[in-house]
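> Structure of the sequence below:
(one chain, ligands or ions: 2)
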Amino acid sequence: MVIPWVGFSLAKLLDQVQPMSQAKYVAFESLADSRQMPNINSDVLDWPYVEGLRMDEAMHPLTILASGLYGETLPPQNGAPLRLVVPWKYGFKGLKSIVRIKLVEGQPPTTWNIAGPREYGFYSNVNPNHDHPRWSQKAERRIGEFGMRDTLMFNGYGDEVAQLYSGMDLNKYY
Ligand SMILES: Nc1nc2c(c(=O)[nH]1)N[C@H]1C(S)=C(S)[C@@H](COP(=O)(O)O)O[C@H]1N2
Ligand SMILES: [Mo]
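Ligands and ions are numbered 1, 2, ... in the order given. The predicted structure is shown next:
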């Protein structure tokens, strides 16, 4: 889906706290409140949902904390009050209902990597050349369209973000 998010660059928040040079990654944690979210009692995933970004990814202006969509305030199911949106990564990187952000030295755990390390790496970049073990990622269908399109590297944001990964083997760091 192509979503007109409302929000601000995460970099704006990070600039205000002035990360120390030892801070190499940003670790995020979601709300896990079984009163509001009864399905966290299932064992599909290990909640609270956690995610992470490398500092340069977190500081990229396209990385946003969203507080709304389509000009409206975020509804709970979309991650109120604040959620992460990283347009060049797959949607599962976008944790919702953030309650804690930590600046850390080591690569933080991420929920889907804990659930299935063979299937989900830390980076979660859109990379059509790297097959998920159970399916191809070469083609996609946009909600609202009937046909398939070729999936683009970095979800079409290569000009903006490819330099963050220069020298990295994106088949290894999927
Ligand atoms: N807090 C929280 N955020 C989460 C999840 C979750 O279980 N808890 N699931 C993730 C997954 S797997 C997906 S596919 C997306 C789906 O929501 P979206 O379509 O609004 O991005 O949310 C992500 N963010
Ligand atoms: Mo998902």
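
> Can you give the contact residues for the longest helix anywhere in the chain?
Looking across the chain with DSSP state H, the single longest helix is helix 10-17. Helix 10-17 has contacts (C-beta atoms under 8 Å, 6 or more residues apart in numbering) with Val26, Ala58, Met59, His60, Pro61, Thr63, Ile64, Leu65, Leu84, Ile101, Leu103. Every residue, glycine included, has its C-beta placed from N, CA and C.

> And stretch 135-147, by the same measure?
Met1, Val2, Val126, Asn127, Pro128, Asn129, His130, Asp131, Met148, Arg149, Asp150, Thr151.

> rewinding a little: C-alpha coordinates for the longest helix of the chain, CSV please?
What follows is helix 10-17, C-alpha atoms only, in CSV (Å, rounded to 0.1, in the frame of the first residue of the first chain):
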residue,chain,number,x,y,z
LEU,A,10,13.0,10.5,13.6
ALA,A,11,16.3,12.5,13.1
LYS,A,12,14.5,15.6,14.6
LEU,A,13,14.0,13.7,17.8
LEU,A,14,17.4,12.2,17.9
ASP,A,15,19.0,15.6,17.2
GLN,A,16,17.3,16.9,20.4
VAL,A,17,18.8,14.2,22.6
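
> what's the following helix or strand after that helix?
strand 25-30 (DSSP states H and E).

> what pairs with the following helix or strand past that next one, and is each one parallel or antiparallel?
Next helix or strand after strand 25-30 toward the C-terminus (DSSP H and E): strand 50-54. In the sheet, strand 50-54 lines up against strand 25-30 (antiparallel) (DSSP bridges).

> Outside of the partner strand itself, list whatever touches it.
Counting by C-beta under 8 Å, 6+ apart, 10, 14, 47-55, 58, 84, 95-108 sit against strand 25-30.

> Show me how to select, in ChimeraX, the buried members of the residues you listed.
To isolate the buried subset of the contacts of strand 25-30 in ChimeraX, counting by 16 or more other C-beta atoms under 10 Å, use the following:
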select :10,14,47,48,49,50,51,52,53,54,55,58,84,95,96,97,98,101,103,108
